[in-house]
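**Student:** Need the 3D shape of this:
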Amino acid sequence: MAQNPVFERAMRFLSALRHCQVLGISVHSASPEGMTLTLPYSPQIVGDPHTGIIHGGALTTLMDTACGMATLCVLPEFEVCPTLDLRIDYMHPAVPHHDVHGFAQCYRVTTDVIFTRGFAYQDDPQRPVAHVVGTFMRMGKGLKGTPGFATALKGARP
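**Tutor:** Residues are numbered from 1 along each chain as shown. Down below sits the predicted model:
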């Protein structure tokens, strides 16, 4: 069975992001419909040691990454697309000792900007921890000045 090419690109992209490696973020699913990443629960991401609740910064990283990587689902080739704007509405704290999943999709693509939306959830996607909307600037296919990153994304060894 052939592997999903969007999933493969997502795996390569994520492996090039050191902060995601440190947090243990992984690709759960990737398709033209959207991207789902998983942030595993660990003591390193706890914001309040008394309650075990996950720090908002870890959730923000998950959702910024999910939204940014959702661009891989709609673009025929990889393009550099840094975050222009990101808004996260937290609905309730994430339950301690449970992984968090971040789903994102692109809902509009222009020549200059990609518009994304998504949500973070734990066990039930119908009970989101947070909602997110983000915009990402399209800077093109060139990766000048970042040869190691470009090599990692293309799957070649440096």
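**Student:** ok, residues contacting the helix or strand harbouring Phe136?
**Tutor:** Element membership for Phe136 (DSSP states H and E) is strand 130-137. Strand 130-137 is contacted by residues 59, 63-64, 66-68, 71, 81-91, 102, 104, 112-120 when judged by Cβ atoms under 8 Å, 6 or more residues apart in numbering. For glycine as for every other residue, the C-beta is placed from the backbone atoms N, C-alpha and C.
**Student:** Show me the strands in the chain, by range?
**Tutor:** 26-31, 34-39, 46-48, 53-54, 83-90, 100-109, 113-121, 130-137 (DSSP state E).
**Student:** do you know which of these lies nearest Ser15?
**Tutor:** strand 26-31 (9.5 Å; Cβ to Cβ).
**Student:** Next, the angle strand 100-109 makes with the closest one.
**Tutor:** Relative orientation of strand 26-31 and strand 100-109, computed by axes from the mean of the first three to the mean of the last three Cα atoms, to 10 degrees: 30 degrees.
**Student:** Give me the buried positions along strand 26-31.
**Tutor:** Ser26, Val27, His28, Ser29, Ala30 (16 or more other Cβ atoms under 10 Å).
**Student:** ditto for stretch 125-143
**Tutor:** For stretch 125-143, by 16+ other Cβ under 10 Å, it's Pro128, Val129, Ala130, Val132, Val133, Gly134, Thr135, Phe136, Arg138, Leu143.
**Student:** Ok, stretch 42-62 next?
**Tutor:** Quick answer for stretch 42-62 (16+ other Cβ under 10 Å): Ile45, Val46, Gly52, Ile54, Ala58, Leu59, Thr60, Thr61, Leu62.
**Student:** So which of the residues you listed belong to helices?
**Tutor:** Among the buried residues of stretch 42-62, the ones falling in helices (DSSP state H) are Ala58, Leu59, Thr60, Thr61, Leu62.
**Student:** burial measure for Phe119, as a count.
**Tutor:** A total of 21 residues lie near Phe119 under the criterion other Cβ atoms under 10 Å.
**Student:** Name whatever forms a beta bridge with it.
**Tutor:** Phe103, His131 (DSSP bridges).
**Student:** contacting residues around it?
**Tutor:** Contacts of Phe119 (Cβ under 8 Å, 6+ apart): Gly102, Phe103, Pro125, Pro128, Val129, Ala130, His131, Val132.
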